[in-house]
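Engineer: sharing a sequence plus its predicted fold:
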Amino acid sequence: MAKPKENPTSSPFPNIAQCASIGREKHTVIADMDGTLLRGRSSFPYFALVAFEVGGMLRLFFLLLASPIAGILYYFISESAGIRVLIFATFVGMKESDIESVARAVLPKFYSSDLHSETWRVLSSCGKRCVLTANPRVMVEPFLKDFLGADMVIGTEIHVIRGRATGLVKNPGILVGKNKAISLEKAFKDEPMPDIALGDRRTDYPFMKLCKESYMVPTKPEAEPVSLDKLPKPIVFHDGRLVQKPTPFMALLTILWIPVGFLLACLRIAAGALLPMPFVYYAFWALGVRVYIKGTPPPPAKKSIGQTGVLFICSHRTLLDPIFLSTALGRPIPAVTYSLSRLSEVISPIKTVRLSRDRATDASMIKKLLQEGDLVICPEGTTCREPFLLRFSALFAELTDELVPVAMANRMSMFHGTTARGWKGMDPFYFFMNPSPAYEVTFLNKLPFELTCSGGKSSHEVANYIQRMIAGSLSYECTSFTRKDKYRALAGNDGTVVEKPKLSPNKVMGC
């Protein structure tokens, strides 16, 4: 929630613009969060993200219904009471581990896009960085410590019984006003108080008065956010279904759109699965799915003269990459994949082959498929939403010299079509639930013979060259991150899907 704008002339503290940021290496700074460290003064969008990602549409709807009550309490009775309502509506009954998971995998992306540049200028210049906030500590701590390098996070503690949140908070309650000052004194009882305090409202005055220097952060909606390249740690991986920060209006719009969007997604998926591939491109355009094609794709392999198939090397944005590649070509191209839900296999309009993760077995299977025709592979092994390319597995370079790099890019306005924590079977549905999703398929030049393994290059050299080639086309950055790095960061595992195989690993699946 957000209080009305403070009158800067009534503040007993100077503006943050007057705070020097040079020579602060040995100083300790403590900052409030909403309206101070973040440009936005309302914490509702972040509670809404937790509500939707853990509890789904119904929990988000419950929070939206409770928000007017929270607003009335916050503005007219008690700031603390309003925040208590938000915490109860969001957290009651949730597993603490689920809240921690969302805080680690989803919230950092949204927090990082709203960092106040002036506050970050001061905070980043100090040797010890502390944050004091009324927000639940479990929500904000992963972002503050992992991405901003905070040394200490003091926040409201939620009450938990047997691993589930009760919706209540522990003593001393919500950290506003005097509670902030009490918590600060307790945290620094064995060491000197912070040198600098940063706040944005009257309820921050009590803790600010305890520090040597104190500065107010004025409310400026036009204030520029910190650019992501200035963060101590770039956000390469993030999870969650929502693309935009769910303000109350966006939350209501999302709730109203989901039933309509799901029906639209089913229609789009049915069109892609049932129509002949040459007609899918036109059906997608008629249904609001935009497909943009750049470059010149190679013609189909001619088996009559002994030609083997071309191996399309794609960057990986969603599991729909091979389908949109086939749409662009006007013919179905089989795809090899590391993991795919059973539902996605059933509704897929192309053949999919599940890799066994055994190098010899997979190499033999891919060679066999190339003898039958063209094939598509995404050597990153998993998707990445940000403008980065993960490390390319080099296996494909050893199997054929007929390599065509393909740069894939997409655009979504409401929902992400990928997940690391949720059920992957819903990935295509969420992508097609966007009002007008778009894919851009760029065919790059076929790799010259002298740059292939047969031309004297090692498989790693070939893989790295293609990675750089695709990254250059998309203006992305190459990284050495792998599938395991992504899943350890977002889901706390290595991304291995353990299940009993229902079919032979060499069996081609699809419809």
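Structural biologist: Yep, it's here. Numbering: from 1, shown residues only.
Engineer: could you pull out the buried residues of stretch 410-427?
Structural biologist: 410, 412, 414-421, 424-427 (16 or more other CB atoms under 10 Å). (Each C-beta comes from the backbone N, C-alpha and C, glycine too.)
Engineer: hmm, I typed the wrong one, I wanted stretch 151-171.
Structural biologist: Buried residues in stretch 151-171, counting neighbours by 16+ other CB under 10 Å, are found at 152-158, 160, 164-165, 167, 169.
Engineer: and for stretch 183-200?
Structural biologist: Applying 16+ other CB under 10 Å to stretch 183-200 flags 183-184, 187-188, 193-200 as buried.
Engineer: also stretch 465-484?
Structural biologist: The neighbour-count criterion (16+ other CB under 10 Å) identifies 465-467, 469-471, 473-474, 476, 478-479, 481-483 as the buried residues of stretch 465-484.
Engineer: and the end-to-end length of that stretch?
Structural biologist: The first and last residues of stretch 465-484 sit 22 Å apart, counting by CA to CA, to the nearest Å.
Engineer: kindly report the same for stretch 309-325.
Structural biologist: Per CA to CA, stretch 309-325 runs 15 Å from first to last residue.
Engineer: ok, now stretch 333-351?
Structural biologist: From its first residue to its last, stretch 333-351 covers 7 Å (CA to CA).
Engineer: sorry, back to before: could you identify the most distant pair in the buried residues of stretch 151-171?
Structural biologist: M152 and R164 (27.0 Å; CB to CB).
Engineer: returning to that earlier point: the buried residues of stretch 465-484 in strands, which ones?
Structural biologist: The strands, defined by DSSP state E, take in C478 from these.
Engineer: got the buried residues of stretch 465-484 as CSV, with pLDDT and distance to V260 columns?
Structural biologist: Formatted as CSV, these follow (pLDDT from 0 to 100; distance: CB to CB, whole Å):
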residue, pLDDT, distance to V260
Y465, 96, 45
I466, 97, 40
Q467, 97, 39
M469, 97, 40
I470, 97, 35
A471, 96, 37
S473, 96, 35
L474, 96, 32
Y476, 96, 33
C478, 95, 40
T479, 95, 38
F481, 94, 37
T482, 92, 38
R483, 91, 34
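Engineer: in helices, which of the buried residues of stretch 465-484 fall?
Structural biologist: Among the buried residues of stretch 465-484, the members falling in helices (DSSP state H) are 465-467, 469-471, 473-474, 483.
Engineer: in a markdown table: the residues you listed, plus distance to A363.
Structural biologist: A markdown table is the format used below for those (distance: CB to CB, whole Å):
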| residue | distance to A363 |
| --- | --- |
| Y465 | 20 |
| I466 | 18 |
| Q467 | 20 |
| M469 | 23 |
| I470 | 22 |
| A471 | 26 |
| S473 | 27 |
| L474 | 28 |
| R483 | 19 |
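Engineer: of the residues you listed, which pair is most distant in space?
Structural biologist: Farthest pair in these, by CB to CB: S473 and R483, 22.5 Å.
Engineer: looking at this protein, which helix is longest?
Structural biologist: The chain, longest helix under DSSP H: helix 44-72.
Engineer: let me know the average pLDDT across that helix.
Structural biologist: For helix 44-72, the mean pLDDT works out to 96.
Engineer: and the next element down the chain from that helix?
Structural biologist: Next along the chain after helix 44-72, taking DSSP states H and E as the criterion, comes helix 79-91.
Engineer: helices and strands around that next one, which ones?
Structural biologist: When contacts are defined as 3 or more CB pairs under 8 Å, 6 or more residues apart in numbering; DSSP states H and E, helix 79-91 sits against helix 44-72, strand 128-136, strand 164-169.
Engineer: and the second one, which strands flank it?
Structural biologist: This points to strand 128-136. Counting by DSSP bridges, the strands paired with strand 128-136 are strand 28-31 (parallel), strand 152-156 (parallel).
Engineer: the next helix or strand after it: which residues count as buried?
Structural biologist: Using DSSP H and E, the helix or strand that follows strand 128-136 in sequence is helix 137-146. Residues of helix 137-146 classed as buried under the neighbour-count rule (16+ other CB under 10 Å) are 137-144.
Engineer: A helix includes L198, no?
Structural biologist: No. Assessed with DSSP: H, G, I helix; E, B strand; the rest coil, L198 is strand; it does not lie in a helix.
Engineer: who does it form a beta bridge with?
Structural biologist: Bridge pairing for L198 - DSSP bridges - gives A31, Y215.
Engineer: count the residues that sit near S227.
Structural biologist: 9 (other CB atoms under 10 Å).
Engineer: for it, give me its contacts.
Structural biologist: By CB atoms under 8 Å, 6 or more residues apart in numbering, no residues touch S227.
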